[in-house]
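**Student:** Got a predicted structure plus its sequence, pasted below:
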Amino acid sequence: MKIRRAVNADIPKLLDLLSQVLEIHAAIRPDIFRSGTTKYTKDELTGIIANDNTPVYVAADDDDTLMGYAFCVIKSPAFTSTMHPKSQLYIDDLCVDEKYRDRHIGRSLFEHVLAEGKRLGCYEVTLSVWAGNDAAELFYEKMGMKTKSRIMEYIL
């Protein structure tokens, strides 16, 4: 397995994997997520892949078949006099194709993102997990992540 930056030729498989993630979220929160959609369009993915501030890392086998991805965003905190200005590498989305799960691909992608965050001079790697996505939450805790803050809601 190799981990590399995504290229435009990866877009069809990225759309397939984005659909898998969307269906997990739609099952958890059908009031928010629309089943049968994807987070990005082909044109949006072309722009994301070309942008160095939104690196997409993919895990591919020896035949270059995509098995998973990690969409990331380099973020700089909003200026405030109460906080230290520290950049972060935000994992916007991480997915392993359901056909390839339980092969440590997610761990390899996550560790690659950590290494890239260090290489880029980021202070931290962050992400969000939807309440109810217990498998993802457990995975990230196994990777050593801790809760930094929580977003709470009250549905009207």
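**Tutor:** Received it, and whenever you're ready, just let me know what you need.
**Student:** Look at residue 67 and tell me its secondary structure.
**Tutor:** strand (DSSP: H, G, I helix; E, B strand; the rest coil).
**Student:** distance of it from residue 113?
**Tutor:** As judged by CB to CB, to the nearest Å, residue 67 and residue 113 stand 15 Å apart. Quick note: C-beta positions are derived from backbone N, CA and C, even for glycine.
**Student:** Residue 41 now?
**Tutor:** Taking CB to CB, one finds residue 41 at 24 Å from residue 113.
**Student:** higher neighbour count, those two?
**Tutor:** Neighbours were counted for residue 41 and for residue 113 using other CB atoms under 10 Å; residue 113 has more, 24 against 12.
**Student:** Please name the spatially closest residue to the more buried one (chain neighbours excluded).
**Tutor:** residue 70 (5.2 Å; CB to CB, 6 or more residues apart in numbering).
**Student:** Let me know how buried the one you found is, in neighbour terms.
**Tutor:** 26.
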